[in-house]
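>>> Build me a model:
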Amino acid sequence: MKIFLVEDDRTIASGLEYSLQQDHFETLLCYDATSAKAVLSEKLSELTLCIFDLSLPDGSGYELCKIVKAQSDIPVIFLTAIDDEVNVVMGLDMGADDYITKPFRIRELLSRIKSVLRRYNKQAQTQSNIELENIRINTLEGKVYKNGDEVLLTALEYRLLLIFANHVGQVLSRNQLLERIWDVAGEFVNDNTLSVYIKRLREKLEDNPQEPTLIKTVRGLGYKVGD
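Here you go, the predicted model:
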């Protein structure tokens with residue numbers, strides 16, 4: 001598996017490259033956006049996952065993420081500075097799969113990489129039954145069960161649950177959820193309506209909707225199902 005790392009701090013970059021190689025990943029390394037764009041134009045199909053620093057001397061990780069997501073479905077992880085909440089939300093809206101805040105432990109990054117890759121491998125398999133804790137979704141029948149009993153959901157509630165189920169462990173911003181619901185529903189869904197649907201889903205699926213364990217709120221960023 002080949003990981004593409006773009007990081008302008010050469011000390012961090014060489015440390016990451018060494019650790020990834022020790023963990024049996026092949027690596028490609030760039031220190032700026034210009035050389036990274038050249039690699040993406042020539043070798044995107046060879047890559048398994050990309051790690052982009054958000055702040056680069058001649059551009060940003062956003063630009064690189066846009067290029068990747070426009071042409072491929074490989075995962076992208078952002079490296080970001082502390083307290084960069086606005087930038088993180090922008091990155092997630094662009095399709096980034098995860099982010100990690102500097103300074104970080106290399107083990108944590110490796111864990112995130114493996115988690116994202118597992119998630120992509122699962123999504124690649126056609127699943128007729130998806131299980132989330134005590135919830136089971138039968139995608140062939142379009143039915144949802146809690147502890148074996150069927151739970152009746154509206155079309156939009158079901159669609160929202162499927163979006164979460166297909167992105168287990170990933171933080172989804174409100175904008176991402178709104179865009180994906182809109183694509184399918186073909187009707188206007190605003191921010192307030194989304195809050196209502198999240199609330200209804202929790203009431204139907206959570207054991208204690210006031211303290212949700214299935215659909216968790218990630219403060220300032222969005223929502224997440226699973227770890």
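>>> Confirm for me that residue 202 is in contact with residue 212.
Yes: if you go by C-beta atoms under 8 Å, residue 202 and residue 212 touch, sitting 5.1 Å apart. Every C-beta, even on glycine, is put in place using the N, C-alpha and C of the backbone.
>>> Excluding covalently adjacent residues, which one is nearest to the residue nearest to the spatial centre of the chain?
Nearest to the geometric centre of the chain sits residue 97, at 2.8 Å (C-alpha atoms, centre = their mean). Once flanking residues are discounted, residue 97 sits nearest to residue 75: 4.2 Å by C-beta to C-beta, 6 or more residues apart in numbering.
>>> circling back: quick one: the residue nearest to the centre of the chain from residue 225, how far?
14 Å (C-beta to C-beta, to the nearest Å).
>>> do residue 66 as well
Distance from residue 66 to residue 225, by C-beta to C-beta: 26 Å.
>>> Check which helices and strands the helix or strand hosting residue 68 is in contact with.
Assigned by DSSP states H and E, residue 68 belongs to helix 61-71. Applying 3 or more C-beta pairs under 8 Å, 6 or more residues apart in numbering; DSSP states H and E, one finds that helix 61-71 contacts helix 33-43, strand 49-53, strand 76-80, helix 85-93.
>>> what's the angle from the longest one to helix 61-71?
Read that as helix 33-43. 10 degrees (axes from the mean of the first three to the mean of the last three C-alpha atoms, to 10 degrees).
>>> same thing with the second one?
Inter-element angle recorded for strand 49-53 and helix 61-71: 160 degrees (by the same axes, to 10 degrees).
>>> so what does strand 49-53 touch, helix or strand wise?
strand 2-6, helix 61-71, strand 76-80, helix 106-124.
>>> Now tabulate the ones you listed in JSON lines and tack on mean neighbour count and distance to residue 216.
Shown next, in JSON lines, are the helices and strands packed on strand 49-53 (neighbours: other C-beta atoms under 10 Å; distance: least, C-beta to C-beta, whole Å):
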{"stretch": "strand 2-6", "mean neighbour count": "22", "distance to residue 216": "28"}
{"stretch": "helix 61-71", "mean neighbour count": "18", "distance to residue 216": "24"}
{"stretch": "strand 76-80", "mean neighbour count": "24", "distance to residue 216": "20"}
{"stretch": "helix 106-124", "mean neighbour count": "15", "distance to residue 216": "16"}
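>>> right, so of these, which gets closest to residue 49?
Closest to residue 49 of these, according to C-beta to C-beta: strand 2-6, at 5.1 Å.
>>> Pairing partners for the closest one, with directions?
The pairing partners recorded for strand 2-6 under DSSP bridges are strand 26-30 (parallel), strand 49-53 (parallel).
>>> most neighbours per residue, which of those?
Compared across the strands paired with strand 2-6, strand 49-53 shows the largest average neighbour count, a mean of 25 (mean count of other C-beta atoms under 10 Å).
>>> List the neighbours of stretch 195-210 that are in contact with it.
For stretch 195-210, the surrounding residues in contact (C-beta atoms under 8 Å, 6 or more residues apart in numbering) are 135, 144, 146, 151-154, 156-157, 160-161, 181, 189, 212-215, 223.
>>> ok, residue 191 to residue 40 distance?
34 Å.
>>> the more surrounded of those two?
Applying other C-beta atoms under 10 Å to residue 191 and residue 40 shows that residue 40 carries more neighbours, namely 19 against 10.
>>> Is that one in contact with residue 64, as I believe?
Yes: using C-beta under 8 Å as the test, residue 40 is close enough to residue 64 to be in contact (6.8 Å).
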